[in-house]
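Visitor: just need the structure, nothing else, for what follows:
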Amino acid sequence: MNNLVAVTGSTGALGGSTARLLSAAGLPLRLPVRDLSRAPALPMATAVQCSYADRWAAVRALEGVHTLFMVSAGEAEDRVDQHLTFVDAAREAGVRHVVYTSFFGAAPDATFTLGRDHWATEEHLRNSRMAYTFLRNNLYLDVLQHFADDAGVIRGPAGTGLLAAVARDDVAQVAAVILRDPAAHSGKTYELTGPDSFSLKEAATIITAQTGRAVSYLAESVEEAYASRQHFGVAGWQLDAWVSTYTAIAEGGLARTTTTVQDLTGRPARDLASVLHEGR
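Guide: Residues are numbered from 1 along each chain as shown. Predicted structure coming up:
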């Protein structure tokens with residue numbers, strides 16, 4: 001039986017963690033990467049060069065692969081086009097099952113603008129005739145401390161809204177479970193969160209206690225949020241994505257918790273304090 005798994009994003013945090021877990025479990029791996037020099041050296045793993053936007057290189061990289069773990073591409077104006085090109089390449093290469101990292105609340109009208117990108121990718125996969133599994137991840141606990149600016153202020157129009165952010169390693173653990181037995185998860189959408197929901201003000205307090213860096217939260221209006229980010233000189237779509245991260249929290253769209261991590265891995269999801277403590 002062909003059990004070759006391709007893991008994208010293996011040079012990054014989520015894909016790298018997932019690849020290491022699968023390698024330790026003895027699965028043969030294909031690692032499509034843009035830069036071969038950065039590919040991790042893992043037992044039973046072969047790195048191949050390709051990008052999401054290069055269809056023909058992607059077809060060659062995915063030939064012989066049964067299951068693809070597709071970590072969503074970096075934020076870009078053409079990210080949906082990159083995703084659709086890569087999905088088409090996977091189908092042409094004969095991939096049978098795609099496990100895709102989507103976003104909590106992905107929808108065509110999602111408040112978080114990049115959630116619309118994930119919905120478009122999901123729809124393309126639903127219509128691809130390949131089996132699929134979607135991991136709809138909440139925001140990552142690991143990056144919340146980096147929301148703070150140089151002065152230690154997390155600023156944005158999140159109000160008193162709550163979020164149920166998830167540890168990136170917990171997502172990797174869930175992905176590894178699914179990729180070891182993809183048929184059992186075909187057609188399913190899993191929403192991945194941490195064990196509790198909290199406000200950004202509460203997050204700032206936890207970050208301060210765990211890291212020793214004084215961090216606070218400043219609630220901005222939407223207008224203030226756009227104005228305070230103008231100096232970065234980024235494109236409009238990027239500003240919209242940054243600001244809508246906070247408005248999605250304000251609206252409560254990221255507040256709901258699930259037990260998916262524990263249900264699939266057999267252990268409780270990590271909370272913010274645990275993630276920060278482990279990262280010291």
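
Visitor: what sits against the spatially most central residue of the chain?
Guide: With distances taken as Cα atoms, centre = their mean, residue 101 lies nearest the centre of the chain, 5.3 Å away. By Cβ atoms under 8 Å, 6 or more residues apart in numbering, the contact list for residue 101 reads 14, 70, 71, 72, 135, 137, 171, 175. To be clear about C-beta, it is placed using only N, CA and C from the backbone, and glycine gets the same treatment.

Visitor: most neighbours, which of the residues you listed?
Guide: residue 175 (28 neighbours; other Cβ atoms under 10 Å).

Visitor: separation between that one and residue 235?
Guide: Noted for residue 175: a distance of 31 Å to residue 235, by Cβ to Cβ, to the nearest Å.

Visitor: quick one: low-confidence ranges for the stretch 101-250 of the chain?
Guide: Nowhere does the stretch 101-250 of the chain drop to pLDDT under 70.

Visitor: mind jotting down where the helices sit in it?
Guide: All helices of the stretch 101-250 of the chain, identified by DSSP state H, counting those that start in this stretch, fall at 113-126, 168-180, 200-211, 222-229, 236-250.

Visitor: circling back: dump the contacts of residue 101 into a markdown table; add distance to residue 198 as well.
Guide: As requested, the contacts of residue 101 are exported to a markdown table (distance: Cβ to Cβ, whole Å):
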| residue | distance to residue 198 |
| --- | --- |
| 14 | 22 |
| 70 | 30 |
| 71 | 26 |
| 72 | 25 |
| 135 | 22 |
| 137 | 17 |
| 171 | 18 |
| 175 | 24 |
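
Visitor: quick one: which of these is nearest residue 25?
Guide: residue 175 (12.1 Å; Cβ to Cβ).

Visitor: residues in contact with the closest one?
Guide: With contact taken as Cβ under 8 Å, 6+ apart, residue 175 is in contact with 14, 18, 69, 99, 101, 135.

Visitor: could you confirm the fourth one falls within a strand?
Guide: What it means is residue 99. Yes - judged by DSSP: H, G, I helix; E, B strand; the rest coil, residue 99 forms part of a strand.

Visitor: I am finished for the moment; much appreciated.
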